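>>> generate coordinates for the sequence data below:
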Amino acid sequence: MPSVRQQKKDLVRQSIINSAFNLFQEHGYNNVSVNDIIKDAKIAKGTFFNYFPTKADLLAFWYSALIKKSISISFEPHLDLEANLLRIIEVSVQFIRANPNIWLEKNIHVLTNKNLQAIERDSETTLRNFVIQFLTDSNQQLKISHNQFADLFVTLFTGTVREWAITGQETDIAAIFSQRLHIFLQISR
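From the prediction side, this is the model:
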């Protein structure tokens, strides 16, 4: 059990996150300042910066939560590989659709924010390792190694999501991903 001090820190961090994302949803990321967040969270500016070096670091937290939620689902042994991989995508798509403006801001700020870049790299590694573990546990027989498959899956996943984001989110990402995943599985089996 965390100490009282750690519990208090966790509550302050969660208060900052809740305030920030409520304000982002209501006013848009670019229209919310750190001063708006600290006022809403009822904390000092220094306290904010103890938890998040920049406002963009809140986006890093959000993206990390997206990946954790996506892979928190357990693979279902009664489903085939394609259905299990589509479950990861469905969770991610729901999360992104619920927060499209935050998703777009994340993609803008990842170009310049080192912490966001690190979170993105770590998240992709986590997803890759998750897929490798599933392939290994379910004894999948593929034409390529499990590592190669996982690398290509992460590329397919991130590339499709980025394409969807930069084309204005007008296409049915779930259908596009399903089609691409089906083709990918045909050539890798």
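>>> state the number of residues packed around N22.
14 (other Cβ atoms under 10 Å). Backbone N, C-alpha and C define where each C-beta goes, glycine included.
>>> which residue packs closest to it, ignoring adjacent ones?
Sequence neighbours aside, D40 is the residue nearest to N22 in space, at 7.3 Å (criterion: Cβ to Cβ, 6 or more residues apart in numbering).
>>> what's the model's confidence in the helix or strand hosting the one you found, averaged?
Applying DSSP states H and E as the criterion places D40 in helix 34-41. Taken as a whole, helix 34-41 has a mean pLDDT of 96.
>>> the helices in the chain, which residues?
In the chain, the helices defined using DSSP state H lie at 4-27, 34-41, 45-51, 56-72, 81-98, 100-109, 114-137, 146-166, 173-188.
>>> ends of stretch 99-119, how far apart?
End-to-end distance for stretch 99-119: 18 Å, by Cα to Cα, to the nearest Å.
>>> quick one: low-confidence residue ranges for this structure.
Applying pLDDT under 70 to the chain picks out residues 74, 169.
>>> can you tell me the closest non-neighbouring residue to L104?
Ranked by Cβ to Cβ, 6+ apart and with sequence neighbours excluded, the top spatial neighbour of L104 is A165, at 6.0 Å.
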